[in-house]
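Q: What shape does this take:
(one chain, ligands or ions: 1)
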Amino acid sequence: MSTRSRGDHSRERRRSPLPPAPARPRERSIAVIGAGASGTLTAVNLLRRGRARVTLIDPKPHGPGVAYSTRDESHLLNVPAAAMSGLVDEPGDFLDWCRGLGMRVEPEDHLPRRLYGVYLRQLLVRFDDGWRLQQRRAQAVNVVEPLFHHGVRVTLADSSVVTADAAVLALGDPRPAKASRERVRVELGDGSAIDADADVLVNATGPSRKIGVGCNPLTQRLLASGRVRLDELGLGLATGPEGALIDLEGTLSDRCFKLGSPRRGESPESTAIPEIRQQAEDLARRLTEDGEVGRRGLRRRSATGGRGRVR
Ligand SMILES: Cc1cc2nc3c(=O)[nH]c(=O)nc-3n(C[C@H](O)[C@H](O)[C@H](O)COP(=O)(O)OP(=O)(O)OC[C@H]3O[C@@H](n4cnc5c(N)ncnc54)[C@H](O)[C@@H]3O)c2cc1C
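A: Residues are numbered from 1 along each chain as shown. Sure, this is the predicted structure:
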């Protein structure tokens, strides 16, 4: 005779597992905003993994970004050629590519930055299979994580919208892009002041610059809406593991990520290619690994991996 009560049966029914869903690899869609070295290397790593469709968004030519757009051959890389591969697992890739062009290059050579821009563009071409990569020459003006839907909506300057499972912000240095020639006044500690005409004021007093007025308009908008917040030092956006953005309430996003210079406040080494390519590979793995990214139902995680908030 069964001794189980009615309550036992209903508990069992609730516990009985659902038939397992058929395992099929789901292809992710990722919007990468900014196509300088950081965005380009993120797109390349996503495409290499073969499990993502990428929309790469930047009004400027995709690949070189600010540092490698120069046409002046006398502007040289400050890192030797042997350390400039864009691919973590193929450290000789840049060197091999140069030699493939017929150049006589030694590992310790400091090559023109312009050449590195061509290499970045060529990496995109190499891993573009013709349908996984979509390139949009446009400025992104907003990124929203809809509350009751999965993924992200990226609004472009022409009002069109790119939807994706997740977004990567690779917007570069948050500094105001242009300095105009103007009269500047430097006030000294003893109360006196120096007036001068200057194109650029060089501040060598340490890394005290804070993001604020003049930073990227998209970053300003996200800051104003509370969807992102500054790191402790005010030098970059606050991010958690793999660059997941943290909002004003301290919640870690599972669908908006950041890499490159704006993570400087948290990761001081995030501005040179060896660090950027590692961040790009780690993020591409995170975005394409099994498990959910940007899905409704996956609640946000704290920096320690549990669910909750980051303070
Ligand atoms: C002059 C200079 C020389 C350097 N030399 C070296 C070197 O030799 N070796 C080395 O390892 N590192 C070097 N670095 C450091 C590092 O490699 C670069 O800073 C790196 O290229 C940064 O790339 P990024 O993509 O993060 O930023 P960026 O190159 O600034 O690219 C950001 C991109 O985002 C786009 N963007 C911004 N906002 C939006 C928006 N709202 N919508 C769409 N697109 C947007 C911009 O148009 C831009 O193309 C150098 C840096 C500089 C400044």
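
Q: Contact residues of the stretch 51-200 of the chain facing the ligand?
A: In this structure, the stretch 51-200 of the chain approaches the ligand at residues 57-58, 60, 65-67, 77-79, 139-140, 170-173, judged by Cβ under 6 Å from any ligand atom. Every C-beta, even on glycine, is put in place using the N, C-alpha and C of the backbone.

Q: and A167, that's in a strand?
A: Yes - counting by DSSP: H, G, I helix; E, B strand; the rest coil, A167 is located in a strand.

Q: Show the contacting residues for A37.
A: P64, G65, A67, Y68, G86, L120, G260, I273, I276 (Cβ atoms under 8 Å, 6 or more residues apart in numbering).

Q: Okay, and which of those residues map to helices?
A: Here DSSP state H is the test, and those give L120, I273, I276 as lying in helices.

Q: Which pLDDT value belongs to the last one?
A: Put plainly, it is I276. Looking at I276, its pLDDT is 95.

Q: does it really touch G36, like I thought?
A: No - using Cβ atoms under 8 Å, I276 is not in contact with G36, being 9.3 Å away.

Q: quick one on the thing from earlier: just the buried ones from the residues of the stretch 51-200 of the chain next to the ligand, in PyMOL syntax?
A: To isolate the buried members of these in PyMOL, using 16 or more other Cβ atoms under 10 Å:
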select buried, resi 57+58+65+67+77+139+140+170+171+172+173
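
Q: most neighbours, which of the contacts of A37?
A: Counting neighbours by other Cβ atoms under 10 Å, G260 comes out on top of those with 28 neighbours.

Q: How about the secondary structure of the residue lying closest to that residue once chain neighbours are set aside?
A: Closest residue to G260 apart from its sequence neighbours, by Cβ to Cβ, 6 or more residues apart in numbering: S38 at 3.2 Å. At S38, secondary structure determined by three-state DSSP is helix.

Q: how near is V105 to A83?
A: 13 Å (Cβ to Cβ, to the nearest Å).

Q: Show me the strands in the chain, by range?
A: Assigned by DSSP state E, the strands in the chain fall at 28-33, 52-57, 133-136, 140-144, 152-156, 161-164, 166-169, 182-187, 193-198, 244-246, 252-258.

Q: Just say which of these is most tucked in.
A: Mean neighbour count (mean count of other Cβ atoms under 10 Å) peaks for strand 166-169 among the strands of the chain, with a mean of 28.

Q: Give me the contacts around that strand.
A: Contacts for strand 166-169 (Cβ under 8 Å, 6+ apart): 28, 30-34, 39, 42, 143, 151-152, 154, 218-219, 237, 243, 245, 254-259, 262, 283, 287, 293-294.

Q: thinking again about what came up before, quick one: which of the strands of the chain has the weakest pLDDT on average?
A: Among those, strand 182-187 has the lowest mean pLDDT, at a mean of 50.

Q: any idea of the mean pLDDT for stretch 67-79?
A: 96.

Q: CA atoms of that stretch as CSV?
A: The C-alpha coordinates for stretch 67-79 follow below in CSV (Å, rounded to 0.1, in the frame of the first residue of the first chain):
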residue,chain,number,x,y,z
ALA,A,67,46.0,54.7,-34.5
TYR,A,68,46.6,53.0,-37.8
SER,A,69,44.8,55.4,-40.2
THR,A,70,47.9,57.6,-40.7
ARG,A,71,49.2,57.8,-44.2
ASP,A,72,52.6,59.0,-43.1
GLU,A,73,55.1,56.2,-43.5
SER,A,74,57.4,57.7,-40.8
HIS,A,75,54.8,57.0,-38.1
LEU,A,76,56.0,53.7,-36.8
LEU,A,77,54.6,51.1,-34.5
ASN,A,78,55.9,51.4,-31.0
VAL,A,79,55.8,47.6,-30.6
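
Q: So which residues make contact with that stretch?
A: 36-37, 60-61, 84, 110-114, 116-117, 120, 272-274.

Q: Tell me the one of those nearest the ligand?
A: Of all these, G36 has the smallest distance to the ligand: 2.2 Å, by Cβ to the nearest ligand atom.

Q: what number of residues lie near the closest one?
A: 27.

Q: Please give me every residue in contact with it.
A: Taking Cβ under 8 Å, 6+ apart as the test, what G36 contacts is D58, K60, P64, G65, V66, A67, Y68, A170, G172, G260.
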